[in-house]
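>>> Would you be able to build a 3D model of this:
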Amino acid sequence: MLLVSMRNFFRLFAAALLVALVLSFLRAEVVEGGAEVSSNFSDGWRTALPGWKYEFPRDHFRHSEFKTEWWYFTGNLRSDDGKEQFGFQLTFFRHGIRPQLFSDVRSAFAAREIAFAHFAISDFYNKKYFHTSRWARVALGGAFFPEFRIGESTLVSIHSWRALLIGPDRLFLEASDEDMRIELELVSQKPPIVHGRDGVSQKADGAGRASHYYSLTRLKARGWLFLHGRKIAVSGQAWYDHEWATNQLTAEQVGWDWFCLQFEDGTELMLFQIRRREGGCDPNSSATFVYSDGRSLNLTSNDFLLEPLRYNQSKKTGAVYPLDWKIQIPSLDLNLIVLARMDEQEFTDPPIIYWEGAIHAEGKREGRPIRGFGYLEMTGYGSAIVGMQAR
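Numbers count the residues shown, from 1 in each chain. As a prediction, this is how the structure comes out:
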């Protein structure tokens with residue numbers, strides 16, 4: 001019992017130390033070196049501007065010149081015996097502290113960036129949600145975010161959690177905690193889908209208030225899920241997002257609601273709305289519809305209607321989240337009702353608190369029934385968003 005208590009103490013101490021480090025640097029002015037910076041950079045970090053030419057596999061790997069980057073995996077799984085269903089989330093974050101452009105510090109202990117990862121499993125049969133996190137300073141070797149080079153397979157790793165590129169269209173995920181673990185192989189059924197226009201997904205008014213953002217919208221998943229001592233063979237569908245940017249949001253933007261949906265007719269939908277402090281949806285909100293043959297259609301905030309239908313208050317934090325939604329896209333004759341598969345899917349890793357959970361959708365497209373599953377992420381309800389806004 002003492003060993004467990006001490007382990008938890010040191011884990012909490014390390015997390016608190018890293019959080020304090022992040023918060024202290026997020027507001028820090030970069031003054032090292034005094035170099036002159038082009039208009040493509042903000043405080044030494046490169047900003048996302050139109051014209052980015054995506055190249056794969058290069059762009060699956062890290063982009064060091066940008067301040068913030070994440071690799072996001074979510075999915076809906078079913079046990080091979082058909083009796084149980086699960087959702088999973090595995091996300092890796094890289095956040096820059098000191099830009100290489102201005103820094104001449106060479107010490108292995110110099111904190112140029114930190115890394116953290118979130119791992120969650122939703123057990124729908126037992127109505128249980130499990131989540132955990134890992135934090136690391138990249139400088140000390142706890143995290144590995146390599147640049148692209150021929151033969152490199154590791155996209156990201158934090159301690160023993162990792163995402164590997166094991167083939168042109170194949171990935172491998174592994175993450176574990178004391179009571180849960182996943183080992184999944186993912187095979188992409190479609191080419192990468194680039195969101196936005198001219199290489200950028202605009203998030204706010206102004207040059208650079210954007211990200212470079214693409215997805216693998218339909219990944220065939222197969223592998224193992226370990227939960228409380230049980231080893232369960234699973235398969236299903238997964239979704240992969242990769243996004244990198246610098247200060248893409250403004251102080252007037254307080255959070256977002258992001259949806260990814262995979263429909264049984266072979267199509268997919270990504271949609272997000274950014275909420276403004278005074279209320280309402282930011283006009284830079286957007287969506288992407290992916291046809292079954294891999295073609296994609298970019299949609300602006302004028303092309304869709306998003307309406308919350310039901311709210312639920314978190315038992316852990318008291319935050320109130322809209323869990324059920326109506327989505328309408330008139331140009332596609334698409335009308336959906338989206339429901340949370342389970343209410344309690346809130347991820348708490350203070351100061352970061354958000355709702356990220358599995359959803360299912362039913363409705364009609366061009367008069368025909370349509371049905372699908374996916375994931376919903378909602379930020380800014382339980383805590384302020386951290387590290388993505390300009391000062």
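>>> ok, which stretches of the stretch 1-150 of the chain are strands?
41-42, 45-46, 68-79, 85-96, 113-123, 128-137, 143-144 (DSSP state E, counting those that start in this stretch).
>>> Relative to residue 88, how far out is the residue lying closest to residue 184 once chain neighbours are set aside?
Nearest non-adjacent residue to residue 184, counting by Cβ to Cβ, 6 or more residues apart in numbering: residue 223, 3.8 Å away. Every C-beta, even on glycine, is put in place using the N, C-alpha and C of the backbone. As for residue 223, its distance to residue 88 is 10 Å (criterion: Cβ to Cβ, to the nearest Å).
>>> what sits in contact with each of the two?
182, 184 (Cβ atoms under 8 Å, 6 or more residues apart in numbering).
>>> Over the helix or strand harbouring residue 357, what's the mean pLDDT, rounded is fine.
In the assignment (DSSP states H and E), residue 357 maps to strand 352-365. For strand 352-365, mean pLDDT is 97.
>>> okay, the angle between the host helix or strand of residue 223 and strand 128-137?
Following DSSP H and E, one finds residue 223 within strand 210-227. With axes from the mean of the first three to the mean of the last three Cα atoms, to 10 degrees defining the directions, strand 210-227 sits at 120 degrees from strand 128-137.
>>> which other helices and strands contact the helix or strand following strand 210-227?
Once the chain leaves strand 210-227, the next helix or strand it forms, by DSSP H and E, is strand 230-245. If you count contacts as 3 or more Cβ pairs under 8 Å, 6 or more residues apart in numbering; DSSP states H and E, strand 230-245 packs onto strand 68-79, strand 180-188, strand 210-227, strand 253-263, strand 368-379.
>>> Export the ones you listed to a markdown table and append columns for distance to residue 351, mean pLDDT and mean neighbour count.
Listed next are these as a markdown table, based on distance: least, Cβ to Cβ, whole Å; pLDDT from 0 to 100; neighbours: other Cβ atoms under 10 Å:
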| stretch | distance to residue 351 | mean pLDDT | mean neighbour count |
| --- | --- | --- | --- |
| strand 68-79 | 16 | 98 | 23 |
| strand 180-188 | 24 | 98 | 20 |
| strand 210-227 | 22 | 98 | 21 |
| strand 253-263 | 14 | 97 | 22 |
| strand 368-379 | 12 | 98 | 20 |
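>>> Pipe these into TSV and attach distance to residue 126 per row.
Shown next, in TSV, are the helices and strands packed on strand 230-245 (distance: least, Cβ to Cβ, whole Å):
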stretch	distance to residue 126
strand 68-79	12
strand 180-188	13
strand 210-227	9
strand 253-263	24
strand 368-379	19
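>>> who does the strand holding residue 223 pair up with?
With DSSP bridges as the test, strand 210-227 is paired with strand 180-188 (antiparallel), strand 193-194 (antiparallel), strand 201-202 (antiparallel), strand 230-245 (antiparallel).
>>> Show the pLDDT at residue 209.
You'll see residue 209 listed with a pLDDT of 95.
>>> how much space is there between it and residue 172?
When distance is defined by Cβ to Cβ, residue 209 is 35 Å away from residue 172.
>>> Residue 152 now?
For residue 152, the distance to residue 172 - Cβ to Cβ - is 14 Å.
>>> Next: residue 196.
28 Å.
>>> between those two, which one's more packed in?
residue 196 (21 against 17; other Cβ atoms under 10 Å).
>>> list the contacts for the more buried one?
Applying Cβ under 8 Å, 6+ apart, the residues near residue 196 are 202, 210, 213, 286, 298.
>>> where does it land on pLDDT?
pLDDT at residue 196 comes out at 98.
>>> Out of the strands paired with strand 210-227, which gets nearest to residue 376?
Nearest to residue 376, of all the strands paired with strand 210-227, is strand 230-245, at 11.6 Å by Cβ to Cβ.
>>> Mind listing what's buried along that closest one?
232, 234, 236, 237, 238, 239, 240, 241, 242, 243, 244, 245 (16 or more other Cβ atoms under 10 Å).
>>> And the second one, how close does it get to residue 86?
Separation of residue 234 from residue 86 (Cβ to Cβ): 7 Å.
>>> overlap in contacts of those two?
Taking Cβ under 8 Å, 6+ apart as the criterion, residue 234 and residue 86 both touch 77, 78, 79, 225.
>>> Student question: in this structure, what's the helix or strand with minimum average pLDDT?
helix 2-26 (a mean of 40; mean pLDDT, DSSP states H and E).
>>> residues in contact with the residue most central in space within the chain?
By Cα atoms, centre = their mean, the chain has its centre lying nearest to residue 72, at 3.9 Å. Neighbour list for residue 72: 89, 91, 240, 241, 242, 243 [criterion: Cβ under 8 Å, 6+ apart].
>>> Let me know the closest of these to residue 333.
residue 241 (26.6 Å).
>>> quick one: contacts for the closest one?
Residue 241 makes contact with 70, 71, 72, 213, 214, 215, 260, according to Cβ under 8 Å, 6+ apart.
>>> Look up which residues are beta-bridged to the second one.
Listed by DSSP bridges, the beta-bridge partners for residue 71 are residue 92, residue 242.
>>> That one contacts residue 115, correct?
No. Counting by Cβ atoms under 8 Å, residue 71 does not reach residue 115; the two are 10.7 Å apart.
>>> Now the common contact residues for the two.
92, 156.
>>> In contact with the residue lying closest to residue 160 once chain neighbours are set aside, which residues are there?
Spatial nearest neighbour of residue 160, chain neighbours left out: residue 176 (6.5 Å); criterion: Cβ to Cβ, 6+ apart. Going by Cβ under 8 Å, 6+ apart, residue 176 touches 160, 161, 182, 226.
>>> And the residues you listed, which is closest to residue 56?
Set against residue 56, the nearest of the contacts of residue 176 by Cβ to Cβ is residue 161 (23.1 Å).
>>> I'd assumed residue 134 was in contact with the closest one.
Yes. Assessed by Cβ under 8 Å, residue 161 is found in contact with residue 134 at 5.9 Å.
>>> what is in contact with the two at once?
By Cβ under 8 Å, 6+ apart, residue 161 and residue 134 have these common neighbours: 117, 119.
>>> No further questions, thank you.
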